[in-house]
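Asks: I need the structure of the sequence given here:
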Amino acid sequence: VEFVESGGGLVQAGGSLRLSCTVSGFTFDNIAIGWLRQAPGAEREGVSCISGRDGSTLYGDSVKGRFTISSDNAKNTVYLQMNNLKPEDTAVYYCAVGMVSACIAYDYWGRGTQVTVSS
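Replies: Take a look at the predicted model:
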């Protein structure tokens, strides 16, 4: 089981970033892959999730209309395109895998990538 997360960084408010998460050790069609985030002093928050089986997606209310999740099954990679970023999006973003293809719960976690949005 391996995660390779990338794409975090520092961006000004209104800017964009794209996070990538490549996973190995899984059958991609049988899992769900999600992005969650945790800001300092806050609880972990679900951002988005995609089913490896049918590509169905879920989004947290705070990111709907600004973030888009997608996957490249051939590359075992999930992307999170984040547009119109706001300072409140600042957090460590974690890629996670659930061992069922529906976005229900997560069993494995990456180490996270920092996203910082300046005002």
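
Asks: can you tell me which residues contact residue 101?
Replies: Going by Cβ atoms under 8 Å, 6 or more residues apart in numbering, residue 101 touches 29-32, 51-54. In short, each C-beta sits where N, CA and C put it, glycine included.

Asks: between those, which is closest to residue 43?
Replies: Ranked by distance to residue 43 (Cβ to Cβ), the contacts of residue 101 are led by residue 32 at 20.5 Å.

Asks: which residues does that closest one bridge with?
Replies: Note on residue 32: beta-bridge partners residue 51, residue 98, judged by DSSP bridges.

Asks: Kindly report the same for residue 17.
Replies: Counting by DSSP bridges, the residues bridging with residue 17 are residue 82.

Asks: tally of neighbours for it?
Replies: Residue 17 sits with 21 neighbouring residues when counted by other Cβ atoms under 10 Å.

Asks: ditto for the one 5 residues further on
Replies: The number of residues packed near residue 22 is 17, by other Cβ under 10 Å.

Asks: Closest one to residue 94 out of the contacts of residue 101, please.
Replies: Residue 94 has its nearest neighbour among those in residue 32, at 14.1 Å by Cβ to Cβ.

Asks: what's the spacing between that closest one and residue 99?
Replies: Applying Cβ to Cβ, to the nearest Å, the value for residue 32 to residue 99 is 8 Å.
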